[in-house]
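Q: Can you look at this prediction? I've put the sequence above it.
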Amino acid sequence: MFSDLYTKAAELASQGKPFAIATVVRVEGSSSARRGSKAIIDPFGKLLLGWVGGGCAESAVRSEAISCIETERPRMITVDMSDEQLGVGMPCGGTMDIFIEPVLPKPELLIVGHGRIAETLAVLGDLMGFTITVNDPAADRSAFPQAERLVTEDFDLTETPIGSKSFVVIATQHKRDHLWLKKALEGKAAYVALIASHHRAKLVLDYLRTGGMSEEKIATVWAPAGLDLGASTPEEIALSVMSQMVALRRGGNALPLPLQEAGLARRDLETDTIIRHC
């Protein structure tokens, strides 16, 4: 029944294009869609394939799908048409719960440098669902089997573009780290970390200030990198950096988890948004 939809979803995913899948999970009263109805929506809110109801329902789903893709978080919405009047939206008198799930390409982890910290970061990044790019003249394929790209000649720093979805960890052991940091900030990377001592980090950040980099941008650099885990080995340092990346990406705060088992199940059933008269 949904073979065309799944084929389309696989095609978009293979091309690295973001999209959202909307699924009707509950219908109460009269509705043009049925439980299990699905649709694919692109980042601009265009319905590419499928059906979740016309009029109000489709408009609401398209709008919420844009938000889901932008925030990288799923949402459960309730579309309530029970109070609608004839000629306004979709006067079918029903209520629908619709789950909207973003499907996104893997984020890129750009590791600049080599050594045990960089190697461990590549392993952890691969496990966490990142595509791995390593840029360093001394990087060897045998040390980075998880890397999708291995760049060993990049004298003018142009072989690895950096964008707003890039996570950049600079572990160059002081070799051109100031230049890489400048490039990462200019590319507005999602995460920029410098693995260095406090003294070295201060020198590099002062270099950026001298070059005219704004304090607002400099404040986004994690230097020294990682959460305070008391790490001492290269593997532990890599773990602290990856933990920081996950916390930033998922909206965590790296604090101990509260005991709230009783409320957790209820929260999973709650609707994020109720839409009436859309």
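A: It's in. From a predicted model like this one, the values you see are computed outputs, not experimental measurements. Residues are numbered from 1 along each chain as shown.
Q: right, and Ile218 touches Arg209 too?
A: Yes: counting by CB atoms under 8 Å, Ile218 touches Arg209, with 6.6 Å between them. For every residue, glycine as well, the C-beta is placed using N, CA and C.
Q: higher neighbour count, those two?
A: For the pair Ile218 and Arg209, the greater number of neighbours falls to Ile218 (17 against 11), based on other CB atoms under 10 Å.
Q: any chance you could map the helices in the protein?
A: With DSSP state H as the definition, the chain shows helices at residue ranges 3-14, 55-71, 116-127, 177-186, 198-210, 215-218, 234-250, 261-269.
Q: Between those helices, which one is closest to Glu153.
A: The closest of these to Glu153 is helix 177-186. By CB to CB, the value is 15.2 Å.
Q: so what secondary structure elements neighbour that closest one?
A: For helix 177-186, the helices and strands in contact under the criterion 3 or more CB pairs under 8 Å, 6 or more residues apart in numbering; DSSP states H and E are strand 166-171, strand 191-194, helix 198-210.
Q: Dump that helix to CSV, keeping only the CA atoms.
A: What follows is helix 177-186 as a C-alpha-only set of coordinates in CSV (Å, rounded to 0.1, in the frame of the first residue of the first chain):
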residue,chain,number,x,y,z
ASP,A,177,45.1,25.5,14.4
HIS,A,178,44.6,29.2,14.3
LEU,A,179,43.8,29.1,10.6
TRP,A,180,41.4,26.2,10.9
LEU,A,181,39.6,27.9,13.8
LYS,A,182,39.2,31.0,11.7
LYS,A,183,37.8,29.0,8.8
ALA,A,184,35.4,27.1,11.0
LEU,A,185,34.0,30.3,12.5
GLU,A,186,33.7,31.9,9.1
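Q: Between helix 198-210 and it, find me the angle.
A: Relative orientation of helix 177-186 with respect to helix 198-210: 60 degrees, computed using axes from the mean of the first three to the mean of the last three CA atoms, to 10 degrees.
Q: what does helix 177-186 contact?
A: Helix 177-186 is touched from outside by 112, 157, 162, 166, 168, 170, 172, 192, 194, 196, 200, 204, 207-208, 211, 213, 217-218, 220-221, with contacts defined as CB atoms under 8 Å, 6 or more residues apart in numbering.
Q: repeat that for 6 Å
A: For helix 177-186, the surrounding residues in contact (CB atoms under 6 Å, 6 or more residues apart in numbering) are 112, 157, 162, 168, 170, 192, 194, 204, 207, 217.
Q: Any quick ChimeraX command for the buried ones out of those?
A: Per 16 or more other CB atoms under 10 Å, the buried members of the contacts of helix 177-186 correspond to this ChimeraX selection:
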select :112,157,162,168,170,192,194,204
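Q: Among the contacts of helix 177-186, pick out the one closest to Gly55, please.
A: Proximity of the contacts of helix 177-186 to Gly55 (CB to CB) peaks at Ile162, which lies at 42.7 Å.
Q: now the closest one, nearest residue through space, not along the chain?
A: In space, and not counting its chain neighbours, Ile162 is closest to Gly187: 3.2 Å by CB to CB, 6 or more residues apart in numbering.
Q: Give me the helix or strand of this protein that scores worst on average pLDDT.
A: Considering only helices and strands, the least confidently modelled element of the chain by mean pLDDT, DSSP states H and E is helix 261-269, at a mean of 52.
Q: Could you check how many residues crowd around Pro258?
A: The burial count assigned to Pro258 is 7, neighbours taken as other CB under 10 Å.
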